[in-house]
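Visitor: The sequence and its predicted three-dimensional model are supplied below.
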Amino acid sequence: SARVRFGVRELLLRSPVAADYDVEGTAALGPSTIRGIALTKASFEGAYREGATTIRRVDVAGPALEAGGTGVVAPCPANPAAICPTDFSYDIARADLERLRPFVSSIVTGVLATKGRLTGSLDRPHVVGDATVTRLVAPEFEALTMSAHYDITAPSLQFESAVGRAEVRASLLKVFGRSM
């Protein structure tokens, strides 16, 4: 189900630009599949005004994922001195990496939990948070538990080119078949 209200400033006077749209609404989904990921439910409450999306609350739940978030996501001008209002807090209570394989294209398995904050421009997002992965298995690497505090910036949402730092702790670690 959904409820949406929208308006467009000066629609009959000129061609609208993104900042002219004013949209507010809520949506709730029952069982669904999005990009190959099964969800039992999802909900969204938010608004789009003056080029920024305010997410009052977004929640998703399913066999592979339980997550939520709140905040503002907005594109920023190319000018690095410009003020960017993006500030989104997220809480991923559970993400089964094997079940999320269609979305993340990874050969890593385990269960991830993370809380953090997304700031910066959408073409150079900055994420800071804390994460824990249990029963982590990757090629030539295993850990019963791995925890990290991370601070990462990615150019143009290309996370394979991300730069940052992480303080990582692991328990019952096995690398290249050897216990550490």
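Guide: Okay, I see it.
Visitor: Kindly tell me how buried Gly30 is, as a neighbour count.
Guide: If you count neighbours by other CB atoms under 10 Å, Gly30 ends up with 9. (C-beta placed from N, C-alpha, C; glycine too.)
Visitor: and what of Arg101?
Guide: 16.
Visitor: Ala162 contacts Ile152, correct?
Guide: Yes: between Ala162 and Ile152 there is a contact under CB atoms under 8 Å: 5.0 Å.
Visitor: any idea what sits nearest the residue nearest the centre of the chain, other than its immediate chain neighbours?
Guide: Centroid-nearest residue in the chain: Tyr90, 6.9 Å away (criterion: CA atoms, centre = their mean). Nearest residue to Tyr90, sequence neighbours excluded (CB to CB, 6 or more residues apart in numbering): Gly69, at 4.0 Å.
Visitor: ok, now Gly71?
Guide: Distance criterion CB to CB, 6+ apart; nearest residue to Gly71, sequence neighbours excluded, is Phe88 at 3.5 Å.
Visitor: That neighbour in helix, strand or coil?
Guide: In three-state terms, and counting by DSSP: H, G, I helix; E, B strand; the rest coil, Phe88 is strand.
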